[in-house]
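Visitor: Pasting a predicted model and its sequence here:
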Protein chains: 2
Amino acid sequence: MKQGNAAPPVDPPSLAERIRLEMDSFTPSEKRAAHLLLSHYPFAGLDTVAEFATRAGISAPSALRFVTRLGFSGFPDFQKHLRGELEAQLLSPLAKASPTDKGQGAPALASFAEAVVGNLRATVENIAPAEFDAVVELLSDPRRHIHFTGGRFTGALARYAESHFRIVRSSVDFIEGQPALWRDRMIEIGRKDVIVAFDIRRYQEDVTALCETAAKQGATIVLLTDPWLSPIARVARHVLPAHIVAPSNWDSSAGLLVITEALVAAVTKRLWETAKPRMEAVERLRNQKP
Amino acid sequence: MKQGNAAPPVDPPSLAERIRLEMDSFTPSEKRAAHLLLSHYPFAGLDTVAEFATRAGISAPSALRFVTRLGFSGFPDFQKHLRGELEAQLLSPLAKASPTDKGQGAPALASFAEAVVGNLRATVENIAPAEFDAVVELLSDPRRHIHFTGGRFTGALARYAESHFRIVRSSVDFIEGQPALWRDRMIEIGRKDVIVAFDIRRYQEDVTALCETAAKQGATIVLLTDPWLSPIARVARHVLPAHIVAPSNWDSSAGLLVITEALVAAVTKRLWETAKPRMEAVERLRNQKP
DNA sequence: TCTTGGATGAAATTTTTGGTACACCTTTTG
DNA sequence: CAAAAGGTGTACCAAAAATTTCATCCAAGA
């Protein structure tokens, strides 16, 4: 088995380049295949062998021999490689979008922020406005009781959300993730309740359990998670995924926070008639404290 | 066979957009498929149905029903369309300038995110790398004891920071803002302590009081605040301001969060030798729980 | 001119993939 | 609370794609 094709770990010499280099050593049929591929790189190679061969004016076996000669184990393998290259290329402009990072210490903050900006863009792209609006609608329903919860790290986001919604509307609370702390509260959860759960990678079993229990009792689940979707997605009515990968050993929750803040903003606007007096009342209470 | 793939003349409504629009009319399984596709658009759809279905967490038939519902005659037809879109997009870098919906009915989330991006840029601009590095240095000193605190809303950020730093290093805790809860703890605060305080507009008197007391006893204060600077700035050794204005009745804490996450990333890297075993230990403890 | 060896494609074969029928379960409706 | 409708997955089948086999062709050398 030819396996000269060392896996392309960080090596960007595109396949196209290699083909150009080896062009002379190709047979006539192979040259035709090569020319077709290069002239419509890499899309020509994404069809079936038959299609590729026909377009190149050769037979399927010749096309096969061509890709085998390039070191691939078969046509599917070849296509997989092309898709990989394409994906890397299309995704790189995003990573490349940070002109600031100079490779050394100082701009740690800058490059991190740039990555977060990329995450935010990607997050917004991937959330359907209708889905977002539906969640706003749900959280604006005064007859619903809203419960926020989250995991080890995301619990803080849930608290953040809760502290805002608590002022905008009534019937808002925070539930700790540990089962011992919510088991007995579940008796009151029903169709009128909404659970807003935050859960990203290293999905936490206790949060999942909470949501599953609540869902079973008829509660509506709203999930803020990562693009790989927490298992809670299985019982969630609405899922809002945020991109979280950052140049760090940790994931970034910025996308989740921004979704949260956008929700707060939208619901506040939606309920302005009732939210305004509430906010004023809170203000008054705070000022009179001293 | 000629590739009838007529280039869409002026028709750029990408499939992704349509999916977002129709998102709420989908069945649960279809939503999963849609989320997978959107989060890895369009590459997730270029694999086989089986692969696609597995990744989405659904069965192959459901995946099939999904693409049929979108109007395609079958999976190959669907893939052909995706490839067509990809080709069109890649061939016209101009089209990339305006990725999707712009201009008009800018969804609430999108415009909010844009504002946040602006805030992040401005925030990064206004923080001196030296200041940032100094804080990293300070938080990386294992002899220091780090305390996080914050106000009504920013307290959640302090918790978020604490939950990360707690894993990276020892001697980390969270202090509630209410004076009754910290008065007696102050006896232990001294030169070896660092207070990291989060405080933005509607600066909270109790947090200020906490920092002033701590500073008086020799603690080092690090302040994350807004550009107008919390009164805590008067006693703070380091000040990291973030832009917070958003199209909302509320301020956005995204800038503060990003600074926090960048600090966590930098300190983790800085202390990697000791942080790594700690992180592994936490992982182990968590896995053995059940 | 004959021989030889690589190159090529038609056809047969094998493998993989897409598609469908049907039963089960969940949810909705009367 | 029962019946109906809709959604989902398992098991199966059909289609089509990839790959191999093998006869043929063509060019270079004896």
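Guide: Good, I have the coordinates. Numbers count the residues shown, from 1 in each chain, chains lettered A, B, ... in the order given.

Visitor: quick one: low-confidence parts of chain A?
Guide: Residue ranges of chain A with pLDDT under 70: A:1-13, A:89-106, A:288-290.

Visitor: Spell out which residues of it are next to DNA strand C.
Guide: Residues of chain A lying near DNA strand C by CB under 7 Å from any atom of the strand: A:Thr27, A:Pro28, A:Ser29, A:Glu30, A:Ile58, A:Ser59, A:Ala60, A:Pro61, A:Ser62, A:Arg65, A:Pro76. Placement of C-beta: from N, CA and C, glycine included.

Visitor: so A:Phe72 touches A:Phe78, yeah?
Guide: Yes. With contact defined as CB atoms under 8 Å, A:Phe72 counts as touching A:Phe78 (4.2 Å).

Visitor: Is A:Arg267 in a helix, a strand, or coil?
Guide: I think there's a mix-up here, since residue A:267 is Val and not Arg. Under DSSP: H, G, I helix; E, B strand; the rest coil, A:Val267 falls in the helix class.

Visitor: hang on, A:Leu223 is in a strand, isn't it?
Guide: Yes. Counting by three-state DSSP, A:Leu223 is located in a strand.

Visitor: mind listing what it touches?
Guide: A:Ala197, A:Asp199, A:Cys211, A:Leu229, A:Ser230, A:Ile232, A:Ala233, A:Ala236, A:His238, A:Val239, A:Leu240 (CB atoms under 8 Å, 6 or more residues apart in numbering or on different chains).

Visitor: beta partners for it?
Guide: Beta-bridge pairing for A:Leu223 (DSSP bridges): A:Ala197, A:Val239.

Visitor: Relative to A:Val239, how far out is it?
Guide: Computed as CB to CB, to the nearest Å, the A:Leu223 to A:Val239 distance reads 5 Å.

Visitor: Show me whatever sits in contact with both of the two.
Guide: Residues touching both A:Leu223 and A:Val239 (CB under 8 Å, 6+ apart): A:Leu229, A:Ala233.

Visitor: Which residue would be the closest one in the stretch 1-150 of chain A to chain B?
Guide: A:Ala128 (3.4 Å; CB to the nearest CB).

Visitor: Let me know how buried that residue is, in neighbour terms.
Guide: 25 (other CB atoms under 10 Å in any protein chain shown).

Visitor: From B:Ala180, how far out is it?
Guide: For A:Ala128 relative to B:Ala180 (CB to CB), the value is 46 Å.

Visitor: So is the host helix or strand of A:Ala209 next to DNA strand D?
Guide: Using DSSP states H and E, A:Ala209 sits in helix A:205-216. No. Helix A:205-216 lies out of reach of DNA strand D by CB under 7 Å from any atom of the strand, never closer than 14.3 Å.

Visitor: For that helix, name the packing helices and strands.
Guide: Helix A:205-216 sits against strand A:145-150, helix A:179-182, strand A:193-198, strand A:220-225, with contacts defined as 3 or more CB pairs under 8 Å, 6 or more residues apart in numbering or on different chains; DSSP states H and E.

Visitor: Just want the angle from it to strand A:145-150.
Guide: 160 degrees (axes from the mean of the first three to the mean of the last three CA atoms, to 10 degrees).

Visitor: Can you check what angle separates the helix or strand harbouring A:Ser111 from helix B:108-125?
Guide: A:Ser111 belongs to helix A:108-125 when assigned by DSSP H and E. If you take the same axes, to 10 degrees, helix A:108-125 sits at 170 degrees to helix B:108-125.

Visitor: List the residues that contact the residue sitting nearest the centre point of chain A.
Guide: Geometric centre of chain A, nearest residue: A:Pro227, 2.9 Å, by CA atoms, centre = their mean. Taking CB under 8 Å, 6+ apart as the criterion, A:Pro227 is in contact with A:Asn126, A:Pro241, A:Ala242, A:His243, A:Ile244, B:His35, B:Ser39, B:His40.

Visitor: Phi, psi for A:Lys192 please.
Guide: Here is the backbone geometry of A:Lys192 (degrees, to the nearest 10): phi -80, psi 0.

Visitor: State the number of residues packed around the nearest residue in space to A:Ile19 that is not next to it in sequence.
Guide: In space, and not counting its chain neighbours, A:Ile19 is closest to A:Ala34: 5.2 Å by CB to CB, 6 or more residues apart in numbering or on different chains. For A:Ala34, the tally of surrounding residues (other CB under 10 Å) stands at 19.

Visitor: Shouldn't A:Ala34 be within a strand?
Guide: No. Applying three-state DSSP, one finds A:Ala34 to be helix, outside a strand.

Visitor: gap between it and B:Ser39?
Guide: 35 Å.

Visitor: what does A:Lys269 give?
Guide: Distance from A:Lys269 to B:Ser39, by CB to CB: 28 Å.

Visitor: Between those two, point out the one with more neighbours.
Guide: B:Ser39 (19 against 16).

Visitor: Pretty sure the more buried one sits against A:Val239.
Guide: No. With contact defined as CB under 8 Å, B:Ser39 does not reach A:Val239; the gap is 10.3 Å.

Visitor: Name the nearest residue to A:Arg18, ignoring sequence neighbours.
Guide: The shortest distance from A:Arg18 to any non-neighbouring residue, by CB to CB, 6+ apart, is to A:Leu70 (7.4 Å).

Visitor: and the one you found, what are its phi and psi?
Guide: Backbone torsions of A:Leu70, given as degrees, to the nearest 10, read phi -80, psi -10.

Visitor: Now do the same contact list for it.
Guide: Per CB under 8 Å, 6+ apart, neighbours of A:Leu70: A:Asn5, A:Leu15, A:Arg18, A:Ile19, A:Phe78.

Visitor: Against DNA strand C, how distant is A:Glu17?
Guide: 22 Å (CB to the nearest atom of the strand, to the nearest Å).

Visitor: Sorry, slip of the keys, the one I care about is A:Arg286.
Guide: 42 Å.

Visitor: quick one: that residue is in a helix?
Guide: Yes. Under three-state DSSP, A:Arg286 sits within a helix.

Visitor: can you count the residues close to it?
Guide: Neighbour tally, A:Arg286, other CB under 10 Å: 13.

Visitor: Next, the residue of the stretch 51-200 of chain A found nearest DNA strand D: phi, psi?
Guide: Closest contact between the stretch 51-200 of chain A and DNA strand D, by CB to the nearest atom of the strand, is at A:Gly74 (2.0 Å). Per-residue torsions, A:Gly74: phi 180, psi 180 (degrees, to the nearest 10).

Visitor: surely it meets A:Val67?
Guide: Yes. When contacts are counted by CB under 8 Å, A:Gly74 is listed as touching A:Val67 (7.4 Å).

Visitor: Burial check on A:Glu205, number of neighbours?
Guide: 14.

Visitor: Against A:Thr225, how distant is the closest residue to A:Ala156 other than its chain neighbours?
Guide: Spatially, and ignoring its direct neighbours in sequence, A:Ala156 is nearest to B:Tyr160 (3.7 Å; CB to CB, 6+ apart). Computed with CB to CB, the distance linking B:Tyr160 and A:Thr225 is 17 Å.
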